[in-house]
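> pasting the sequence and the predicted coordinates here, then a few questions.
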Amino acid sequence: MNTPSLNAWRRACRLCVPMIALAGCVNYQVGTTLPRHLRTIMVEPFANESGEPNLENELQRAIRQEIQREGQLRLQSAETAAIRLRGTLLSYRLDPMRYDQNRPKTVAEYRVVVRARIEAVEAATGKAIVAQTVVGDATLRAAGDLTTARRAALPEAARQAAHEIVNAVVSAW
């Protein structure tokens, strides 16, 4: 038995529920939010003030790989790129996180921290898109001596920093 108020309630629900559901989708956008004219990038060599040799080369390689993996930007030459990314490696730290239970003075796990100051600018105007300090970190199980651990940690720390750098550029909009 349907009463008039129950029918009115059902009718209201049939209208309101889809409207509420669609309202949640109003600001959603499929694909990139980057402006069309800013979808190409050139990565300049980073200056290395960290004291860790070869970190700038490892980071450069990792940034290029992350740009290709992420897919919203395309790598271009300096002449054709709409965005120029430059930066300075500020520090590279290897912090002990956990020690070996059997040998208390032996580090079993390190946290690797890479800090870089980045700036992305529009190539045509020189206008800053993003300028910030980015931190990438990774955890590394110690394998042998400190030199070996540092060498093993370098690629992963660079990958994490590259992810943060590309994310900062893409998220600027």
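Nice, I can see it.

> ramachandran angles for the closest residue in space to Val166 that isn't next to it in sequence?
Nearest non-adjacent residue to Val166, counting by Cβ to Cβ, 6 or more residues apart in numbering: Glu66, 4.5 Å away. C-beta here means a position set from N, CA and C on the backbone, and glycine is covered the same way. Torsion angles at Glu66 (phi, psi; degrees, to the nearest 10) stand at phi -70, psi -40.

> what do you get for Ala162?
Dihedral angles (degrees, to the nearest 10) for Ala162: phi -60, psi -40.

> contact partners for it?
59, 62-63, 65-66, 136 (Cβ atoms under 8 Å, 6 or more residues apart in numbering).

> again, only using 6 Å
By Cβ atoms under 6 Å, 6 or more residues apart in numbering, the contact list for Ala162 reads 62-63, 66.

> can I get these in a markdown table with distance to Glu49, pLDDT and neighbour count?
Converted to a markdown table, those look like this (distance: Cβ to Cβ, whole Å; pLDDT from 0 to 100; neighbours: other Cβ atoms under 10 Å):
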| residue | distance to Glu49 | pLDDT | neighbour count |
| --- | --- | --- | --- |
| Ala62 | 18 | 97 | 24 |
| Ile63 | 17 | 97 | 26 |
| Glu66 | 22 | 97 | 20 |
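
> now, among the residues you listed, which is nearest to Asp145?
Ala62 (24.5 Å; Cβ to Cβ).

> list the residues that contact that closest one.
158-159, 162.

> now Val121: how far from Arg86?
Distance check for Val121 against Arg86: by Cβ to Cβ, to the nearest Å, it reads 8 Å.
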